[in-house]
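1. coords please:
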Amino acid sequence: MLRIVKSNCAYEDRPGRKPEKLQTYFSIENYREGYEQLVDDIVNNPTDMNRIKADLSVITADYPWILELNHRELFWRLRQKSVLAIVCLIMNEECRNYYLPVWTGEEWDTEHNKDKSDMYAAICSMLEDPKIRAGLEEYVQIFDNCINAK
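-> Numbers count the residues shown, from 1 in each chain. Got it, this is the predicted structure:
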């Protein structure tokens, strides 16, 4: 466990540890916190489409490797909190391929990717629900060919 002690404006976690490693730790931690703040902003503003789209744009531009590693957790967290955020995820060009089937030239990539297949099934299920569709109509137009694509 990391123990941080402030000493003469320098931080140290264990005697003998190089300050560069600690600086790297703080940089990574700040980077992760920035990503988490954006996700929290989406969760805390589940009906603000412009804010959600702006936060997703920052995530895709500034945090692409976290998104690549964390897109599954992000999907399931947002699914519980904001259907509109899920719609914004699939509207975002950089995010879309994590969640919607992609034709590889021979087959759909969901054939061998259970996580993606499960997320896609959840999206289809949400968008087929008449109550959810009615709630989204004020924000976006839902195209049936997107729902039925496979």
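2. Going by C-alpha atoms from here, please, whenever you check contacts or count neighbours.
-> Fine.
3. Residue ranges in the protein under the pLDDT threshold?
-> 1-27, 138-150 (pLDDT under 70).
4. ranges for the strands of it?
-> For the chain, the strands defined by DSSP state E cover 5-7, 10-12.
5. measure the residue nearest to K81 when sequence neighbours are not counted to Q80 for me?
-> The shortest distance from K81 to any non-neighbouring residue, by Cα to Cα, 6 or more residues apart in numbering, is to V43 (6.1 Å). Distance, V43 to Q80, by Cα to Cα, to the nearest Å: 9 Å.
6. higher neighbour count, those two?
-> Neighbours were counted for V43 and for Q80 using other Cα atoms under 10 Å; V43 has more, 18 against 10.
7. got a list of what the more buried one touches?
-> L78, K81, S82 (Cα atoms under 8 Å, 6 or more residues apart in numbering).
8. Tell me which of these fall in helices.
-> L78, K81 (DSSP state H).
9. residue nearest the centroid of the protein?
-> L74 (4.0 Å; Cα atoms, centre = their mean).
10. and that residue, what is it in contact with?
-> V39.
11. if I look at it, how far off is E128?
-> 21 Å.
12. Kindly report the same for C88.
-> 17 Å.
13. which one of these two has more residues nearby?
-> When neighbours are counted by other Cα under 10 Å, C88 and E128 differ, and C88 comes out ahead with 20 against 14.
14. State the distance from the residue nearest to the more buried one when sequence neighbours are not counted to T104.
-> Once flanking residues are discounted, C88 sits nearest to K53: 6.2 Å by Cα to Cα, 6+ apart. To T104, K53 is 28 Å away according to Cα to Cα.
15. Which one's more surrounded, these two?
-> In this view K53 and T104 are compared by other Cα under 10 Å, and K53 has more residues nearby, 19 against 9.
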